[in-house]
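Engineer: Sequence and predicted structure below; questions after.
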Amino acid sequence: MARELGKSVLRGENITKVFGYGKTRTEAVKQVNFDFHEGEVISIVGESGSGKTTIARMILGLITITDGTLYFNGQPRDISSGHKRKEYWKNIQAVFQDPFSSFNMFNKIDDLLIDCINMTGGRHKSQEEKFEMMTEACSFVNLKYAELTNKYPFELSGGQMQRLMIARIFLLKPKILIADEPTSMVDACSRATILDMLLKLRDEIDMTIIFITHDIGLAYYVSDSVYIMEHGAFVEAGPAEDVIIHPKAAYTKRLISDVPKIYGEWDLSTVG
Amino acid sequence: MLHQLKQAFTNPKFLVGFVLFMLMLLISLIYPLLSAFEPLDMVTTGFTAPGTYVSIADVANSDGIGMNVDASAGRLASVLKDEDREKMKDWMVRFGGVAEGDIDLSDTEALLEKWQATYDPAVPQKGLRNADKQAFVRLDKDIKAATNSDGLILAAKGEDGLEEVKTIAGNTYVRTGDVVSKIVMPLGADNFGADVMTKLTSSIAVSLRIGLLAGVIATLIGLTIGLLSGFLGGWVDNFLTFLTNIFTVIPSFVILILIANAISGTARSPMLVGLIIGLTAWPWTARSVRSQVLSLRNRDHVSLSKLSGHSLPRIILQDILPYVASYVVMALILQISSGILAEAQLSMLGLGPDTTTTVTLGIMMNWAQKFSAVLGGAWWAFVPVVISVAIITFSLNLMNTGLDQVFNPQLRD
C-alpha cells in the first residue's frame, strides 16, 4: 500500500470548532493538525461523536471554522464569496453516509448527473455528448444508464443509490473526495464493490480520498495514512501499517480490540 | 404528486370535505346568475317569510277554472283555530244561552250553524272589554267571508262610483304558472327587504374570495419568513423569529380590529379586508415552516446541492420547498378557513367591508343582529348564514384532516 506521497493538497493548522456558547458551549474539534497529499487515501477513525463528521463538514466548507487555518494547495482557503465557493467545490466533493437522504426525492436521476456535467463546464455540450458522458459514468459503477433514465431515486436500492453517488464523483473528477462512512448503510457485498470503485477512481484521476469511518478494519484495508480521533482531537496519526499493526495510543488499542473476530475470543479487557 | 392526489381523492374525509366545499362554491357562483334580483335590491319592505309570492291583482284578473272542490272548507280551517272555537263556545254559553253540553267543538258544521244562529253583536255583553267585543265582530266577519260560496264581485272605480268588472265564484282556481307576477324568495327577505337567498349566495362568493386572499397572503408571508429563517439561521433567524414571536404574542384579532378601525368604512373593500386579515394571520405558518426547514437544512441532499454549486434561491425552491409543500397546502386550507371566520368576526363588530356596496356572511349576521331578527322570529335572516359559515369551515377542516392522513400515514385509521 506504500505509495509515493504527492505534494500537499490540504493542510489544517489548529483547526477548532465550537458549537453554542455559555452553558451549551461544546468544543467539537480541538486544535487539530493534518496534512493530506495528492493521491493519498486517508482514514479518520473514531467513535460516534468524536468529531469526524464535523471535520469533514469544515473541510467541505459547509460549516465555518471557529479557529485555525486550512490551506488548500498551499494557499489559505478562501470561500468568502459565492463564486469562490463554487470554484472550491469543483475541487472538493463528498459522498455521504445515508444514500436515501443524499438524493432529492423530487428530482429525477438524470437531473443529478446533468448537474455534474454542467458544473464542470459541460453546459454547452450537445444532448448526445451529455448522454454519452452519463452512460460512461454509470457503466463505471456497473449501472446501466438506459435503465435509470427517467427514474426517481426512491425506485433504486440503497447500493444502487450509493453507486450513483460515485458516478457523480466520476463526472465531477474532484481533487479531493470526502467519503463520510459511505458503506455503513449498505450490505456487505455492495460495500466491497463501492470501496473498490472508489479506489479505482482514485487510481484513474489521482484523487485524494478522505475516509471518515468508525471501522478500523476498513481503514486498514483502504488507506495510506490513518488519523485516530477521540473527543475532538487526533490521538495518533501516521501510515496505516504503523498505526494499526503497532498502535501506541491506548484508544487505538481499544479500537483495534473492539473489532469483532470470527475466530477467537473477544478481548474485552481494554474496554474502558 | 399525482400519487398523493389520487390518495387524497380516495380518502373519505377529504372527499366529503371537497364535495361539500364544491357544492357551496357552485351554489355561490350559479344562483346569483339565475336570480331575478341583485343582492342589494330592496324587493320588499322588512323581514318577509320564505315562500312564493304572487300578485293579488294578477290572480283576480286571470280567467279562473271552475273546480268541483269547494274552497271554503280549507279557508274555514285556516280561519277557525282551536282557540277561536273555544272563544266561540265561551261566547255562546255566556251570552247566547246555549247549554255547554250542546256544543261539540270538533264538529265544525254544527258549531258554525249554532254560531250563526246565536251570535249577535247587539246583544249586551256584560263583563267583556270593548277590545274583546271587537275581536268577536272580526271573527264573525272572517267566518262569513270564509264560508261565502257565492263568490266575490270585482269592481273598478268608474265615473259614477264603482262599476262591476266581474264576479269570481267561490270554486274558481287559477294555475300558479299562469300568474304572471310572481316573486320567489326561498329564504324570505331580510330587514332591508332584500332576497336572502340571492344575498346569501353572493355573500358566500365574496367571503370565499376574502378567505382565499387572506389565506394566500398569510401562507406566502409565513412560508417566506419560515423558509428564510429556518434555512439561513444566524442573525437572520434570530431577527425573523423575534418578529414572529411578537406577532404571536399580540392577539392578531386586536391588531386586526385596530387596522380595520383605522381605515374608514367606505374605503374598506372586501379585498382590503382580506389583505388586512392575511397580514395578521401568518405567524403560526412561519413558525411551523421554520421548524420543518430546520430539520431539512442539514439533510445530505441539501449539502450535496450546495456542493454542486447551486444558488441559495435554487436550493430553497428545489431542495427545501418540495419537502414542505404538502404541509404548506394544509396550512393554506386552514388559513382560508380561518380567514373566512375572521371576516365574519370583523363584520359582526361592524368593521368588515363597506356595507353599502358589498355583502358578506359576516355583514348579513351583523344586520340580522342589529334588526333583532332573533327576537322577531325572522330565523331565515340568520340561520342560513350561520349554517353556510359552518359548512364552509367544516368542509375545509375536513379536507385538511383528510390530507393530513394522506401525508402522515400514521394518522390513518
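Structural biologist: Yep, it's here. Residues are numbered from 1 along each chain as shown, chains lettered A, B, ... in the order given.

Engineer: which residues of chain A score low on pLDDT?
Structural biologist: A:1-5, A:262-272 (pLDDT under 70).

Engineer: Enumerate the residues of it near chain B.
Structural biologist: Contacts of chain A with chain B, taken as Cβ under 8 Å from any Cβ of the partner chain, map to A:57, A:60, A:62, A:82, A:85-86, A:89-90, A:92-94, A:96-98, A:101-107, A:115-116, A:119. Where C-beta positions appear, they are placed from N, C-alpha and C, glycine not excepted.

Engineer: Go through the helix or strand encompassing residue B:291 and flag the buried ones.
Structural biologist: Per DSSP states H and E: residue B:291 is located in helix B:283-297. When burial is assessed from 16 or more other Cβ atoms under 10 Å in any protein chain shown, helix B:283-297 yields the following buried residues: B:283-290, B:292-293, B:296-297.

Engineer: Whether it contacts chain A - can you check?
Structural biologist: No: counting by Cβ under 8 Å from any Cβ, chain A is not contacted by helix B:283-297; separation bottoms out at 9.9 Å.

Engineer: can you give me the angle the helix or strand just after that helix makes with helix B:283-297?
Structural biologist: Later in the chain than helix B:283-297, the nearest helix or strand by DSSP H and E is helix B:300-307. Computed by axes from the mean of the first three to the mean of the last three Cα atoms, to 10 degrees, the angle separating helix B:300-307 from helix B:283-297 equals 80 degrees.

Engineer: Residues contacting helix B:300-307, please?
Structural biologist: Applying Cβ atoms under 8 Å, 6 or more residues apart in numbering or on different chains, the contact partners of helix B:300-307 are A:57, A:60, A:62, A:89, A:92-94, A:96-98, A:101-104, B:296, B:314-315, B:318-320.

Engineer: what do you get for stretch B:383-395?
Structural biologist: Under Cβ under 8 Å, 6+ apart, the answer for stretch B:383-395 is B:16-21, B:24, B:187, B:196-197, B:200, B:203-204, B:207-208, B:337, B:340-341, B:344, B:361, B:364-365, B:368.

Engineer: In helices only, show me those residues.
Structural biologist: Residues of the contacts of stretch B:383-395 located in helices (DSSP state H): B:16-21, B:24, B:196-197, B:200, B:203-204, B:207-208, B:337, B:340-341, B:344, B:361, B:364-365, B:368.

Engineer: Need the buried ones from the residues of chain A next to chain B selected in PyMOL.
Structural biologist: To isolate the buried ones among these in PyMOL, judged by 16+ other Cβ under 10 Å, type:
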select buried, chain A and resi 57+60+85+86+89+90+92+93+94+96+97+98+101+102+103+104+106+107+115+116+119
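
Engineer: Mind checking which of the residues of chain A next to chain B are in strands?
Structural biologist: A:92-94 (DSSP state E).

Engineer: can I get those residues in JSON lines with distance to residue B:61?
Structural biologist: Converted to JSON lines, those look like this (distance: Cβ to Cβ, whole Å):
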{"residue": "A:92", "distance to residue B:61": "96"}
{"residue": "A:93", "distance to residue B:61": "93"}
{"residue": "A:94", "distance to residue B:61": "93"}
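
Engineer: Residue B:303: neighbour count?
Structural biologist: By other Cβ atoms under 10 Å in any protein chain shown, 21 other residues sit near residue B:303.

Engineer: ok, back up a step: narrow the residues of chain A next to chain B to those in helices?
Structural biologist: A:57, A:60, A:82, A:85-86, A:89-90, A:101-102, A:115-116.

Engineer: Tell me which two of those residues sit farthest apart.
Structural biologist: Greatest spatial distance among those (Cβ to Cβ): A:82 and A:101, at 24.8 Å.

Engineer: Pretty sure residue B:72 sits against residue B:151.
Structural biologist: No: Residue B:72 lies out of contact with residue B:151 (Cβ atoms under 8 Å); the separation is 10.7 Å.

Engineer: Overlap in contacts, these two.
Structural biologist: Taking Cβ under 8 Å, 6+ apart as the criterion, residue B:72 and residue B:151 both touch residue B:170.

Engineer: Which of the two has more residues huddled nearby?
Structural biologist: Higher neighbour count among residue B:72 and residue B:151: residue B:72, with 16 against 13, using other Cβ under 10 Å.

Engineer: So that one versus residue B:220, what's the distance?
Structural biologist: 69 Å (Cβ to Cβ, to the nearest Å).

Engineer: what residue ranges in chain B score low on pLDDT?
Structural biologist: Along chain B, segments meeting pLDDT under 70 span B:1, B:149, B:409, B:411-413.

Engineer: what's the domain layout of it?
Structural biologist: Chain B is divided into the following domains under automatic domain parsing: B:2-46+B:190-411, B:69-151.

Engineer: which residues of the chain fall in strands?
Structural biologist: Answering for chain A, as no chain was given. A:8-19, A:26-37, A:41-45, A:67-72, A:75-76, A:92-95, A:176-180, A:208-213, A:225-230, A:233-239.

Engineer: my bad, chain B
Structural biologist: All strands of chain B, identified by DSSP E, fall at B:51-54, B:65-66, B:152-158, B:161-168, B:172-173, B:182-185.

Engineer: what would those look like in CSV with distance to chain A?
Structural biologist: Shown next, in CSV, are these (distance: least, Cβ to the nearest Cβ, whole Å):
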stretch, distance to chain A
strand B:51-54, 57
strand B:65-66, 72
strand B:152-158, 79
strand B:161-168, 77
strand B:172-173, 71
strand B:182-185, 53
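
Engineer: how about these in TSV, adding mean neighbour count?
Structural biologist: Converted to TSV, the strands of chain B look like this (neighbours: other Cβ atoms under 10 Å in any protein chain shown):
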stretch	mean neighbour count
strand B:51-54	14
strand B:65-66	10
strand B:152-158	11
strand B:161-168	12
strand B:172-173	16
strand B:182-185	16
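
Engineer: can you tell which of the ones you listed is closest to residue A:199?
Structural biologist: Of those, nearest to residue A:199 by Cβ to Cβ is strand B:182-185, at 85.6 Å.

Engineer: Excluding chain neighbours, what is closest to residue B:314?
Structural biologist: In this structure, residue B:314 finds its nearest non-sequential neighbour in residue B:305, 7.8 Å apart by Cβ to Cβ, 6 or more residues apart in numbering or on different chains.

Engineer: ok, residue B:313 to chain A distance?
Structural biologist: To chain A, residue B:313 is 12 Å away according to Cβ to the nearest Cβ, to the nearest Å.

Engineer: Likewise for residue B:45?
Structural biologist: Using Cβ to the nearest Cβ, one gets 61 Å for the distance from residue B:45 to chain A.

Engineer: What is the burial count for that residue?
Structural biologist: 10.

Engineer: what residues are up against it?
Structural biologist: residue B:193.

Engineer: If I follow the layout properly, residue B:311 ends up in contact with residue A:82?
Structural biologist: Yes: if you go by Cβ under 8 Å, residue B:311 and residue A:82 touch, sitting 7.3 Å apart.

Engineer: ok so, going back, among the contacts of stretch B:383-395, which ones are buried?
Structural biologist: When neighbours are counted using 16+ other Cβ under 10 Å, those contain these buried positions: B:17-18, B:20-21, B:24, B:187, B:196-197, B:200, B:203-204, B:207-208, B:337, B:340-341, B:344, B:361, B:364-365, B:368.
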